[in-house]
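K.L.:
Could you look at this predicted model? Sequence included:
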Amino acid sequence: MLTPALVSLLIGLALAQRFKVLSLIPVILLTLLFALTAEVSAANAAWTSALTAADAIAGLQVGYLLGIGLRQLTLIARAHRLRAVSRLLPSQRRAP
């Protein structure tokens with residue numbers, strides 16, 4: 001159960017870097033389909049299959065939230081760096 005959650009977490013992190021939150025809907029449906037197919041082919045109990053699917057979907061959503069936070073921190077750091085550089089540029093110019 002831990003492996004699907006961790007893989008879903010990483011997929012969520014990657015999705016957050018490029019896509020909006022509505023892209024999670026088809027990915028959640030695909031995750032549900034893959035998790036249930038894998039569990040049924042392994043002939044596990046129904047509650048185990050449902051729990052694994054729920055873990056994978058929760059991992060996907062948590063990964064997306066972490067990815068959004070990472071993207072925001074990156075944008076804030078970039079804006080701060082650009083602001084610092086723009087303050088330095090006028091003072092470095094030489095008068096002709």
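P.N.:
Noted; the coordinates are in hand. Numbers count the residues shown, from 1 in each chain.

K.L.:
Go ahead and flag the most central residue of this protein.
P.N.:
residue 13 (2.2 Å; C-alpha atoms, centre = their mean).

K.L.:
in this structure, which ranges drop under the pLDDT threshold?
P.N.:
Scanning the chain for pLDDT under 70 picks out 85-96.

K.L.:
give me that answer again for 90
P.N.:
1-5, 31-32, 34-53, 79-96 (pLDDT under 90).

K.L.:
State the distance from the nearest residue to residue 39 once chain neighbours are set aside to residue 14.
P.N.:
Counting by C-beta to C-beta, 6 or more residues apart in numbering, the nearest residue to residue 39 once its immediate chain neighbours are dropped is residue 49, at 3.5 Å. Heads up, the C-betas are built off the backbone N, CA and C, glycines and all. Using C-beta to C-beta, to the nearest Å, we find residue 49 at a distance of 25 Å from residue 14.

K.L.:
Name the residues that touch stretch 2-13?
P.N.:
24, 27, 31, 35, 52, 55-67, 70 (C-beta atoms under 8 Å, 6 or more residues apart in numbering).

K.L.:
Neighbour count for residue 49 and residue 14, which is higher?
P.N.:
residue 49 (17 against 13; other C-beta atoms under 10 Å).

K.L.:
Which of the helices or strands spans that one?
P.N.:
helix 46-92 (DSSP states H and E).

K.L.:
I'd guessed residue 36 sits against residue 49; true?
P.N.:
Yes - under the criterion of C-beta atoms under 8 Å, residue 36 makes contact with residue 49 at 5.7 Å.

K.L.:
returning to that earlier point: could you verify my assumption that the residue nearest to residue 39 touches residue 35?
P.N.:
Yes - at 7.2 Å, residue 49 and residue 35 qualify as touching, with contact defined as C-beta under 8 Å.
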